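Student: coords please:
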Amino acid sequence: MLSTITIRNREEGETLPPELMGSLDLFPIDYNWQWVAEYEGEIVGQVLAANVHGILFLFRITAIPSAPKSWVMLAYRRILAEAKERGCMGFMLFLDDCNKQEVKLMRIVQKHGGMLLPSYGAWAFGTTETGY
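Tutor: Here you go, the predicted model:
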């Protein structure tokens with residue numbers, strides 16, 4: 001019997017393998033914009049995203065080592081279809097050309113009509129506290 005990969009939104013209270021979340025479990029997650037890949041009854045990958053003014057922003061894609069390689073392509077298709085149904089007109093993600101897995105994602109994006117805009121810089125982030 002062939003095992004299938006299921007891509008779905010994470011359910012509230014559902015626990016993920018720690019290596020998928022890292023320190024992100026400290027922050028509130030909107031489960032409507034978090035997808036998991038399930039294979040043989042185990043969550044093996046996840047995508048964290050957000051709707052940013054009608055653009056699907058993908059900001060974390062992680063998997064455990066035993067995840068089937070095809071899960072990312074299946075997730076990409078499913079997530080984009082769901083985002084379109086929810087009113088998103090496009091998607092955006094930051095990819096590092098020094099990471100060979102992210103270079104593969106660049107090729108997938110281009111193969112499906114997406115564009116790449118090379119840049120140099122740094123992601124900036126911080127707290128909303130203003131007491132500095």
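Student: my guess is Leu80 contacts Leu58. True?
Tutor: No - counting by Cβ atoms under 8 Å, Leu80 does not reach Leu58; the two are 9.7 Å apart. Where you see a C-beta, it was placed from the backbone N, CA and C, and this is true even at glycine.
Student: any residues in contact with both of those two?
Tutor: Both Leu80 and Leu58 are in contact with Phe91, where contact means Cβ atoms under 8 Å, 6 or more residues apart in numbering.
Student: more crowded one of the two?
Tutor: A count of neighbours by other Cβ atoms under 10 Å puts Leu58 above the other of Leu80 and Leu58, at 22 against 17.
Student: now do the SS call for the more buried one.
Tutor: Judged by DSSP: H, G, I helix; E, B strand; the rest coil, the three-state class of Leu58 is strand.
Student: so it touches Val47, yeah?
Tutor: Yes - judged on Cβ under 8 Å, Leu58 makes contact with Val47 at a distance of 6.2 Å.
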